[in-house]
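In: Based on what follows, work out the 3D shape:
(chains A, B and C)
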Amino acid sequence: MRRLLRDPVATLGFGLILLAVFVALFAPWLAPYPDDAFDSHLLQRLRPPSAEFPFGTDNLGRDILSRVILGTRDALTVALAVVGAAMLIGVPVGLVAGWREGWLAELLMRVTDVFLAVPQLILALALGQLMAPGIGTAMLALALTYWPFFARTVFAETRRLRGALFVDALAGIGASPARILLLHVLPNAAPAILVRATIGMGFTILTAALLGFLGVGAAPPSPDWGLMVSEARQHLPEAWWFPTFPGLAIFLLVLGFNLLGDGLRDLADPRLRRSR
Amino acid sequence: MTQPLLAVEGLSVALRTDHGLARILDDVALTIPPGGSLGVVGESGCGKSTLLRAILGILPKGATTPSGRIRFQGRDLLAGADWARGRIGFVPQDPYLSLNPVFRAGDQILEIMRRHAPGSRADHRRKLVELFRAVQLPEPAAALDKYPHQFSGGQRQRLLIAAALACDPALLIADEPTTALDVTTQREILGLLKRLVAERGLGLLFVTHDFGVLATLCDRVAVLYAGQVAELGPTRAVLDTPWHPYTRLLLACHPDRATTLAGIPGTVPAATAQPSGCRFHPRCPLAQPACAAAPPALLALGERAVACPRHEVPFG
Amino acid sequence: MRCRLAELLTAQDLVVELGRDRLRAVDGVSLSIAAGETFGLVGESGCGKTTLARALLGLQGVAAGRITLAGATVTATGRAGRAAVQYVHQDPGAALDPWWRIGATLAEGLTIHGVTDRAEQQARIADMLAAVGLDPALGARFPHELSGGQQRRIGIARILLLRPRLVILDEPTAGLDLSVQAAVLRLLAALRDRFGLTYLLISHDLGVVRRVCDRIAVMYLGRIVETGAAASLFAAPRHPYTRALLAAAPHLDGRESAAPPLSGDPPSLRAIPGGCRFHPRCPIAIPVCATTAPAAENVTAGHQVACHRWQEESPHA
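Out: Residues are numbered from 1 along each chain as shown, chains lettered A, B, ... in the order given. Okay, the predicted model is just below:
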C-alpha cells in the first residue's frame, strides 16, 4: 500500500475510485435533488449550468448533477457484479486448466478461447433480442464475455506456480492438489487476479455505458450514464452540458480504474514497464 | 624490478543502499606481475565480485566513485578505462547466461573484435577459428556459425574463454568460471585455462570460493574477508600454513582437511554494519580487546602478508 | 563404520521413463539403504539422480522394478504410502510459500499428516525449531524476513516434523560457502543422531560425500556403475568413471591426478550408447564394451562394479 502511494499516477487513480465509492455510498444525501432520478419537471427542461443546477438540466427538466451522482452507484454495482461473476467462472476454470495436463485442460482452454472470440457487443445485442433488453441481460452478456480473461490470467499464474519449488515441496510432503490450489496457488496468484479485476472494472463500466447508449443496457428512466449520453443526442449541439457531464463521469471512473490497475501491475511485477 | 601488470592500491568502494552506506571494499592492495597468477578467495559478501567490477570498470549503479588506484600496465584504470578494453579479457561465471541466444556465437565474438582489435573481418574470422582450435572446440570452423544453444555447458565456457582471448589481452580475469559446470568438465576447463595462460604468458586474476581450484591454478592467493585483504602470499605457503585466523578456520572447513565439521562461529557482517577494529574479531578465537579497538595493519613478512598481529598464536 | 543393519529402503531393477518420448532416465537401478546409515548417490547433472529420488519418494511413476520400504512393497502406493520417506530440496528456503508465515507452513505439514490439535502442533513446532537451532519466535515471520541460513533450517525442520525415517537430501551443500557448508553438515549429523534418521544424500561434491557418507553409489546415465562402502570406494575405485570423478575433484595440495581427463561432454538420454554406456568416454574401453553391457560384479562383499575390465586395471585414486 505504501509503495502504491509512492506512484503518483496510481494514487490519482486510487483517489478517483475512492471518490466514486464515496459518492455512490452517500448518493441520496449528496445529490441536490435526489428525487430527480425518476421525477420530471418539464417546465425547467434543458436549462444550462447555473448556480441552481451546476450541470444544467436534461430534456425532462431533471438536474444532471443529481443524476450523475445517483448513476455512480449503478455504474459501480454493475461493474462489481459483472467482474465478480466473471471471476467466479474464470478463476476455477483457470486453476483447474493450469494444474491439470491432458484433455480436461485442453477442453477448458479451448472453450475459453471460443468465448474470447465472441465480440462482447454482438453477444449483448443478441441476448437483448433473445431475452428482454435491460440491465440484467447486459450484465449477463458482459460476464459471459469477460470471464475468459480471468481464466487466461489464472491459467498462466497456475502454470508458473506449478513449477515453483514450494509447490513441489508441498506435493512432497503429501499435500492434496485441492489444498495446494486453494491455499497456496490462489493466494500467490491473487495480485495478478486483482490487477485483472481492476482493469476489468474500468472496462465493464465503459462497455455497460456503451450498451446503455445503444439501448440494450439500462432502460429509462434509470440514471444510467450511457443512457443519459444517448438521450442527449437529440438535443445537440444546443444542450452541450447534457452529454458532457455524464460522459466526463464515465471517463474519470474508467481512467481511475485503469491507472490503479497499471499501478498495481507495476507493483506485482516491477520488471514490466508501464503499459499504456 | 619490473613494472607490475596490474597493481591495485588502496582501493575502496562503497555502495549506497536502503540501510546506509555499504563499505564493500576497504583499502585493498594487490599486484600481479606480467605472466603471474593471483587467486582471490573469500566467502559470499567478501567483496570479490566488486573487486572484479571495479577493475573492469563496470561497478553497479549506486556505487561511490572508487578511491585508490588501479594501475594496468602502468596507467590508472580509474581515470578512464576505454583504452584497456580488449587488453583485459574476462571469463564470466555463468556460460548459460553470458551469450545472447538469438545471435550466432561467432558473430558475437567478432563484434567485440571489430571494436577492440585491429584487422579486417576476414582476419578476425581466421584468428577466431584458430582460437576455437586452441580452446579445443570441436569443428572450429563450423562453430563460428552455430547458435549458443547448440553448444553444451562446457563448450560454452570454452567459447567464452575464446572470446576473452579474442583481442590479445595481457590479463585474463575469471569470475568462478566453473561453478556452473560438473566436476569432470571443470577439470577440463581448468586444465585449458592453465595451459593457455602459460602458453601466452598472460596474467591471471581468478576469483573463486574453492581453495582446491585455486591450488591447481594460481601461484599467489589473496584471502578477502569483509572487503579487506586478510592474508596474501604464495598459494602453497598460505594453504599449507595459513596465518590469519580466518584463513585457518576456513581451511579447516574444507572436506580435504576437516577433522571435525567445526564451521566458523557467527556470520559474515553486513557491509553496512562492519565491526570496529579488525572486522573478523567478533568471530575470532584469538581476539583480544585491542582487536576491537584499531584495525590491524597488513604485516609484510617476506613473500607473505597478513592482517593479524597474532598470526603466530596457535588456537587454544 | 556402522555394522550391517536392517534394510530400510530397497529398489530392485527400477526403470523410470520420462515424458512422451519415454526417455529412460533411470534404467535398471538396484540399491538398498540400511536403517541409520548415510547413503551417498553421486553423479553429474543429467545422470538421473533426481529422477531416482522422485521415484523412491513416489512422486514419479515407475515403469518396471520394485521398491520396498521397511520390508513392505510400496512400488504402487504412490506418495501417500511413503510418509516415512521425505525430501529436502537443494534450496529449502525457496521451498517455502512466500505468502505463508513460517509457523503456518510448519503446522501445515502436521495437519496434512493428521496432527490437527493446535496445542500439540505448537508444542512440536517449538521443539523442532529449538532442535534446528532457531528461536521459536521466528514462527510469526514470513520467509523473506529470514536469512538464507534460517530458511534452510526451517526447510529441514518442516520435513523432520513429519517424523520421517528416511530423508532424501538433494545437494544440501551446493552453492554454499565452506564455513556454511560445514555448519549445515554438522546440523544434519546432529539431527540424524537425535532423531534416528537415515539419509540418502544426493551430491556431485565428492569431498562432502566422502566426509559424511557410509556407503556410496556412483550413477552414470541412468545406471549405477559402482557401489560400495565409502572407505573402500575412495581408496580403490574400480570403475573408470568413478576414477575420473575422483581425479577431477581439485585438492588443496594442488596435486593433480595422473589419470587423463575425460573426453567429451556427458551424452544425452536421447542417444544412449549401446553396450556399456560409458564406453565412448572411457580411457580403457575395448571392443566388447561397445556391444555388451557389463553386469554388476562383486569386488569384495558390499563393493560392486559394472565394468568389463575392473580386474585388469590397477586402481589409483
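In: For residue 259, give me its contacts.
Out: No chain specified, so I'll use chain A. Residues in contact with residue A:259, defined by CB atoms under 8 Å, 6 or more residues apart in numbering or on different chains, are A:9, A:10, A:12, A:13, A:14, A:16. Glycine gets a C-beta too; all of them are placed from N, C-alpha and C.
In: Wait, chain C was what I had in mind.
Out: Taking CB under 8 Å, 6+ apart as the contact definition, residue C:259 lies against C:243, C:244, C:247, C:283, C:316.
In: redo that, cut-off 6 Å
Out: For residue C:259, the contacting residues are C:243, C:247, by CB atoms under 6 Å, 6 or more residues apart in numbering or on different chains.
In: where does chain A come near chain C, residue by residue?
Out: With CB under 6 Å from any CB of the partner chain as the criterion, chain A comes near chain C at residues A:165, A:166, A:169, A:172, A:173, A:174, A:175, A:184, A:187, A:188.
In: can I get the residues you listed in JSON lines with secondary structure and neighbour count?
Out: JSON lines is the format used below for those (DSSP: H, G, I helix; E, B strand; the rest coil; neighbours: other CB atoms under 10 Å in any protein chain shown):
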{"residue": "A:165", "secondary structure": "helix", "neighbour count": "17"}
{"residue": "A:166", "secondary structure": "helix", "neighbour count": "24"}
{"residue": "A:169", "secondary structure": "helix", "neighbour count": "23"}
{"residue": "A:172", "secondary structure": "helix", "neighbour count": "23"}
{"residue": "A:173", "secondary structure": "coil", "neighbour count": "21"}
{"residue": "A:174", "secondary structure": "coil", "neighbour count": "18"}
{"residue": "A:175", "secondary structure": "coil", "neighbour count": "20"}
{"residue": "A:184", "secondary structure": "helix", "neighbour count": "22"}
{"residue": "A:187", "secondary structure": "helix", "neighbour count": "14"}
{"residue": "A:188", "secondary structure": "helix", "neighbour count": "20"}
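In: any idea which of those residues is closest to residue A:157?
Out: Distance to residue A:157 across these (CB to CB) is lowest for residue A:188, with 7.3 Å.
In: Hmm, residue A:160 and that closest one touching each other?
Out: No. Under the criterion of CB atoms under 6 Å, residue A:188 lies out of contact with residue A:160, with a separation of 9.0 Å.
In: In terms of secondary structure, what does the helix or strand where residue A:190 lies contact?
Out: In this structure, residue A:190 sits in helix A:186-214 according to DSSP states H and E. In this structure, helix A:186-214 packs against helix A:64-99, helix A:135-162, helix A:225-232, helix A:241-268, with contacts taken as 3 or more CB pairs under 6 Å, 6 or more residues apart in numbering or on different chains; DSSP states H and E.
In: Tell me which residues of it come out buried.
Out: By neighbour count with 16 or more other CB atoms under 10 Å in any protein chain shown, helix A:186-214 contains the buried residues A:186, A:188-189, A:191-214.
In: Please apply the same query to stretch B:72-80.
Out: Of the residues in stretch B:72-80, those buried under the neighbour-count criterion (16+ other CB under 10 Å) are B:72, B:73, B:77, B:78.
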